[in-house]
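# Everything below, folded, please.
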Amino acid sequence: MMPMTVAEIAEAVHGRMAGAASVAEGEAVATSAFSDSRQLVDGSVFVAIAGERVDGHDFVAGAGAKGAVAALVEHEVEGADDIAQIVVDDSVKALGLLARHNIDRRRAEGADFSVVGITGSVGKTTTKDLLNSLLSLIAPTVAPVGSFNNDIGLPLTALKVGEGTRFLIAEMGANHVGEIAGLTRIVPPDLAVVLKVGVAHLGEFGSVERIAQAKSEIVRGLRPGGTAVLNAGDTRVSAMQGLAPGKVLFFGLPGEDGANATREDGRQVGMVSCGEVGVDELDHPRFTLLLPDGTSAEVRLGISGAHNVINALAAATVAHFFGMDAEAIAAGLSQVRHVSPHRMAVSTVSRDGASFTLIDDSFNANPDSMRAGLDGLAAWHADDGNGAGKEERATHRVAVLGVMLELGDDEERLHARIGAYAAGLGLDEIIAVGSGTDSHFDALAEAMARGAEAAAGEARPRLVVRRVHNVDEADREVCRNAREHRHTVVLLKGSHVSGLSALAERWADRQSQGQ
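Just a heads-up that it's a prediction; the model follows:
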């Protein structure tokens, strides 16, 4: 955070100074901001937010003892006499105003500073992690932790920008039209990356067209002359080029450098692409990175999943824009071994007399990311068991699938289609995880199981499809598989509410990191 006095903060958020310490602390300098009182350090601003379960105002009285010099509050709190209280109508909106002021202060310094905004129905956080690794090789970079991409997480990340920051990566998510526009008003981007328009949150938006409209808000929110970085393989994304106030850059997979990568004036434009994509036995993608200047380099991603190639190309496009050459980008991408938690994280779990490989992709789920995760599971040691002498090494693949939410009226059909897709990949077992207390979740899991069984039919008689009603049952079923099959690999994939990420955390103390 740019150093600023408490009085300056009060002015920036249109707040009223209150409390016994308000006069004395007016000239105190703040250098950080947090909404979690456990993170407070000397010189902090505590932002008291009234959440659904916890009200931050309950912790204002103890904030001064932890080093806070001020608190943003919606009402004056008794007993907090050791810090200044800045009273505002809405602490979340005040947080956004403070973040915008911090970014404006950094821009006013005159030294090079750029904001890269990222949005898309899938891949935002992984792309953010890859880009953070690349840009950090150039200069000091600030990026969100996990998926801090809403009206609280984004400003908290922006408030980490200090005098020496060169790049801010701003992940921007939305459940409704207008939300990304609001985020760009807090942190206007210099570059806007749009990955994909999918069906995530379809139930909230109402149509894919409305989702595209929402994602386009990041391009509309660019600063004057800002650059749009668009996926040439998604027609709804490439169509956003007409909204860009400045340069347009494209990225795409092989075969996607045609009509979609053409400016509206008819001119073909260069794009970041790659040669044919392959994967090794641990599902690490390999490809030749192709840059618009004609240079290239061989890449072996350090993370799993062929679906992450498009995310790597998006990150490479931004890195190349800021001056990195092909070899440096390839080396940087290859060095990224781990991304934010629960995103294709590979580890070995030993539990209850069983040992298995875990592919933890349980952060969230929609039809696009479900298929990508399942593809990763199918590719894991895909050559094992084919040929003489390999039967003992044959991989036993188990997909533990939770429900997907916010898919609208078509949700049961979409779950059935995912079950059918999984059945066609040559997996050994599919475990559909429902709920013993929520009939809606249970019905969606049942639809997924039925889809798998219908697609398997006589063609896949060895495929086992099981229905369970909670993660405890899923845990026992996975351990049974692992005890019976020496080389079991398990995919965890589902929306956060399915509880699969909690199951991954349960297993965490029994894990060792994979490669």
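
# Please tell me how far the nearest residue to residue 153 once chain neighbours are set aside sits from residue 155.
Distances taken as C-beta to C-beta, 6 or more residues apart in numbering put residue 144 closest to residue 153, at 6.1 Å, once the chain neighbours are dropped. C-betas here are computed from N, CA, C, even on glycine. Distance from residue 144 to residue 155, counting by C-beta to C-beta, to the nearest Å: 11 Å.

# The two - which one has more neighbours?
residue 155 (28 against 25; other C-beta atoms under 10 Å).

# Name the nearest residue to the more buried one, ignoring sequence neighbours.
Distances taken as C-beta to C-beta, 6+ apart place residue 99 nearest to residue 155, at 3.3 Å, with adjacent residues excluded.

# Do you know the pLDDT at the residue lying closest to residue 281 once chain neighbours are set aside?
In space, and not counting its chain neighbours, residue 281 is closest to residue 381: 5.0 Å by C-beta to C-beta, 6+ apart. pLDDT for residue 381: 72.

# In a strand, residue 381, correct?
No - if the criterion is DSSP: H, G, I helix; E, B strand; the rest coil, then residue 381 is coil and not within a strand.

# rewinding a little: look up the pLDDT of the residue nearest to residue 153 for me, please.
90.

# Report the separation between it and residue 343.
Note on residue 144: its distance to residue 343, by C-beta to C-beta, is 14 Å.

# which residues in the stretch 101-250 of the chain form helices?
Assigned by DSSP state H, counting those that start in this stretch, the stretch 101-250 of the chain shows helices spanning 124-135, 153-158, 179-186, 202-205, 208-220, 235-238.

# contacting residues around the closest residue to residue 100 other than its chain neighbours?
The spatially closest residue to residue 100, leaving aside those adjacent along the chain, is residue 186, at 5.1 Å (C-beta to C-beta, 6+ apart). Shown in contact with residue 186 (C-beta atoms under 8 Å, 6 or more residues apart in numbering): 96, 99-100, 103, 151, 154-155, 158.

# can you do 10 Å?
When contacts are counted by C-beta atoms under 10 Å, 6 or more residues apart in numbering, residue 186 touches 93, 95-100, 102-103, 151, 154-155, 158, 170, 172, 221.

# Now do the shared contacts for residue 144 and residue 155.
Joint contacts of residue 144 and residue 155 (C-beta under 10 Å, 6+ apart) are residue 170.

# ok so, going back, out of the helices of the stretch 101-250 of the chain, which is closest to residue 69?
Set against residue 69 and scored by C-beta to C-beta, those come closest in helix 153-158, at 17.3 Å.

# before we move on, the earlier item: pick out the shakiest of the helices of the stretch 101-250 of the chain, pLDDT-wise.
The minimum mean pLDDT among the helices of the stretch 101-250 of the chain belongs to helix 202-205 (a mean of 50).

# Need the residue closest to the centroid of the chain.
By C-alpha atoms, centre = their mean, the chain has its centre lying nearest to residue 125, at 2.4 Å.

# how's this protein carved up into domains?
Per automatic domain parsing, the domain ranges recorded for the chain read 4-93, 111-335, 345-513.

# Let me know whether residue 31 touches residue 1 as I believe.
Yes - between residue 31 and residue 1 there is a contact under C-beta atoms under 10 Å: 5.4 Å.

# Of the two, give the one with the bigger neighbour count.
residue 1 (23 against 16).

# what's the closest of the helices of the stretch 101-250 of the chain to residue 488?
Nearest of the helices of the stretch 101-250 of the chain (C-beta to C-beta): helix 124-135, 25.4 Å.

# next one: that closest one to chain centre, how far?
Here the centre of helix 124-135 is set off from its chain's centre by 10 Å, with C-alpha atoms, centre = their mean, to the nearest Å.

# Could you give the number of residues near residue 271?
For residue 271, using other C-beta under 10 Å, the count is 22.

# The one 3 residues further on too?
The tally of other residues near residue 274 (other C-beta under 10 Å) stands at 22.

# now residue 411
The number of residues packed near residue 411 is 19, by other C-beta under 10 Å.

# and it, that's in a helix?
Yes - assessed with three-state DSSP, residue 411 lies in a helix.

# Checking the residue lying closest to residue 370 once chain neighbours are set aside next. Helix, strand or coil?
Spatial nearest neighbour of residue 370, excluding adjacent residues (C-beta to C-beta, 6+ apart): residue 418 at 5.0 Å. Secondary structure assignment for residue 418 (three-state DSSP): helix.

# Break down the stretch 401-515 of the chain into its helices, ranges please.
In the stretch 401-515 of the chain, helices defined by DSSP H, counting those that start in this stretch lie at 411-423, 439-456, 471-484, 500-508, listed in chain order.

# Residue ranges in this protein under the pLDDT threshold?
Scanning the chain for pLDDT under 70 picks out 20-25, 146-147, 198-206, 256-269, 338-342, 382-393, 458-460, 509-515.

# between the contacts of residue 186, which is nearest residue 61?
Nearest to residue 61 among these: residue 95, at 20.1 Å, using C-beta to C-beta.

# Count residues in the vicinity of that closest one, would you?
Residue 95 has 26 nearby residues by other C-beta under 10 Å.

# is it true that it touches residue 73?
No - look at residue 95 against residue 73 with C-beta under 10 Å: they stay out of range, at 11.8 Å.

# Common neighbours of the two, please.
47, 49, 88.

# Wait, the second one touches residue 55, no?
Yes - Residue 49 sits in contact with residue 55 when judged by C-beta under 10 Å, with a separation of 8.0 Å.

# Give me the common contacts of the two.
Shared contacts of residue 49 and residue 55, counting by C-beta under 10 Å, 6+ apart, come down to residue 74.

# Tell me which of these two has more neighbours.
Set side by side, residue 49 and residue 55 show more neighbours around residue 49, with 20 against 13, by other C-beta under 10 Å.

# Please give me every residue in contact with the more buried one.
Neighbours of residue 49 in contact, by C-beta under 10 Å, 6+ apart: 35-36, 55-57, 72-74, 90-92, 94-95, 152.

# picking that back up, neighbours around the residue nearest to residue 281, how many?
17.

# so what's residue 374 closest to, chain neighbours aside?
Residue 374's closest residue in space is residue 422 (C-beta to C-beta, 6+ apart), at 5.2 Å.

# That neighbour and residue 74, how far apart?
47 Å.

# Neighbour count: the two, which is higher?
Higher neighbour count among residue 422 and residue 74: residue 422, with 30 against 18, using other C-beta under 10 Å.

# Give me the phi and psi for residue 112.
With angles defined as degrees, to the nearest 10, residue 112 sits at phi -50, psi 130.

# Return the distance of residue 72 relative to residue 92.
As judged by C-beta to C-beta, residue 72 and residue 92 stand 10 Å apart.

# Check residue 312 too.
34 Å.

# what's the neighbour count on the residue nearest to residue 370?
Residues lying near residue 418 (other C-beta under 10 Å) number 28.

# who's in contact with it?
Per C-beta under 10 Å, 6+ apart, neighbours of residue 418: 365-367, 370-371, 374, 399, 401, 403-404, 430, 432, 444, 447-448, 451-452, 493.

# Sort out which of the residues you listed are in strands and list them.
Residues of the contacts of residue 418 located in strands (DSSP state E): 399, 401, 430, 432, 493.

# Out of the residues you listed, flag the one nearest to residue 502.
Nearest member of these to residue 502, counting by C-beta to C-beta, is residue 493, at 13.9 Å.

# if you skip the residues just before and after it, what's nearest to residue 107?
Nearest residue to residue 107, sequence neighbours excluded (C-beta to C-beta, 6+ apart): residue 113, at 6.0 Å.

# Next up, the contacts around the one you found.
Counted by C-beta under 10 Å, 6+ apart, residue 113 has contacts 103, 106-107, 139, 161, 163-168, 190.

# CSV please, covering these and showing distance to residue 18 and neighbour count.
Formatted as CSV, the contacts of residue 113 follow (distance: C-beta to C-beta, whole Å; neighbours: other C-beta atoms under 10 Å):
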residue, distance to residue 18, neighbour count
103, 27, 23
106, 29, 21
107, 31, 16
139, 40, 14
161, 28, 24
163, 30, 13
164, 34, 11
165, 32, 20
166, 37, 17
167, 37, 25
168, 32, 25
190, 37, 19
